[in-house]
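> Build the 3D model from these lines:
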Amino acid sequence: MRAVQVERTGGPEVLTVADVAAPVPGPGQVLVDVEAAGVNFIDTYRRSGVYPLELPSVLGSEGAGRVAALGPGVEDVAVGRLVAWKEAPGSYAEQVVVPAGEVLPVPDGVDARTAAAALLQGLTAHYLATDTHPAGEGTWALVHAGAGGVGLLLTQVLKLRGAQVLTTVSTPQKAELSRAAGADEVVGYAEATARAKELTGGRGVDVVYDSVGKDTFDASLQALRPRGLMVLFGGSSGQVPPFDVQRLNAGGSLFLTRPTLAGYTLTRAELLGRARELFGWIAAGQLDVRVGHTYPLTDARRAHEDLEGRRTTGKLLLVP
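Predicted structure coming up:
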């Protein structure tokens, strides 16, 4: 089968399409014919060496497709069923082996590309708005990169829960997309702190959701109210360097967390519950999933270049 392989860490140029042996499902595993694979920043971290990766490896972890075969001991999913997954190494390929505990049934009314586009970023938006900071009526939230894949979904989930949302974007086109997702206010990155204070009578927002990292971290802390929560869940501009924790004291007894999806899907029941609510919103038309662009496997390098160059809105997919 064809797959996107990494033989050495580095920039997007290290991605190559290779013919590799098709995987065989072992005990507790499911073989899936991939219909769409999600392209995420975590893939760029693994490709570049920020996150350790055994080499050579097929990249990718998220996708959706039809079950092709079951490994020994798997009984609760049928061959031919449309499923999605958030964590199955080697998903940039025509076939992938998925742990049975990661397999999520896709309900009627949600197609494979939508499921692949929604899952990792949608589950992230779900836990951020419902658990990391349980947003509700009266909450003011600042969401950086409001037109990105998570940003668009997070804005919608926050609005479903009654929060008010300020987002940051880099272009007028992205501002339109963010407003269409429900953002109450949309500004450029440099204006975020001042606008956060203006909208809250000088107090500051309750929570900042920051996936940009190094370039926005300082301003994010300044935008918070006393005892506000800084949620750093990504680093598209680079990782935040070590800093003096006394800054949290000086900012007004601030809180800082660095959550991951794995930490919020610790059990099969928790994963199924989040996915069920996420897919339910999509099927009911309450959550719009924007696919920004689709690429064939042979264009994986361009997909990474576009993602890291911030030339994208919504979700990027590789389609075998």
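
> Domain ranges for this protein, per the record?
By the assignment in automatic domain parsing, the chain contains the domains 2-119+284-319, 136-258.

> For Ala125, which of these is the nearest?
Closest approach to Ala125 among these is made by domain 136-258 (4.0 Å; C-beta to C-beta). Just so you know, the C-beta spots here come from the backbone N, C-alpha and C atoms, and that holds for glycine as well.

> Just the terminal-to-terminal distance for the closest one.
With C-alpha to C-alpha, to the nearest Å applied, domain 136-258 spans 21 Å between its terminal residues.

> mean confidence for that domain?
Here domain 136-258 scores 95 as its mean pLDDT.

> Give me the average confidence score over the longest strand along the chain.
The residue-count maximum for a strand in the chain (DSSP state E) belongs to strand 29-39. Strand 29-39 comes out with an average pLDDT of 98.

> elements contacting it?
If you count contacts as 3 or more C-beta pairs under 8 Å, 6 or more residues apart in numbering; DSSP states H and E, strand 29-39 packs onto strand 63-70, strand 82-85, strand 95-99, helix 112-127, helix 300-308, strand 315-319.

> In a markdown table, list the ones you listed along with distance to Val245, mean neighbour count and mean pLDDT.
Shown next, in a markdown table, are the helices and strands packed on strand 29-39 (distance: least, C-beta to C-beta, whole Å; neighbours: other C-beta atoms under 10 Å; pLDDT from 0 to 100):
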| stretch | distance to Val245 | mean neighbour count | mean pLDDT |
| --- | --- | --- | --- |
| strand 63-70 | 39 | 21 | 98 |
| strand 82-85 | 37 | 24 | 98 |
| strand 95-99 | 37 | 24 | 98 |
| helix 112-127 | 24 | 25 | 96 |
| helix 300-308 | 30 | 20 | 95 |
| strand 315-319 | 35 | 24 | 95 |
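
> Could you save these as TSV and add columns showing distance to Gln29?
Below are the helices and strands packed on strand 29-39 laid out as TSV (distance: least, C-beta to C-beta, whole Å):
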stretch	distance to Gln29
strand 63-70	8
strand 82-85	11
strand 95-99	5
helix 112-127	19
helix 300-308	24
strand 315-319	22
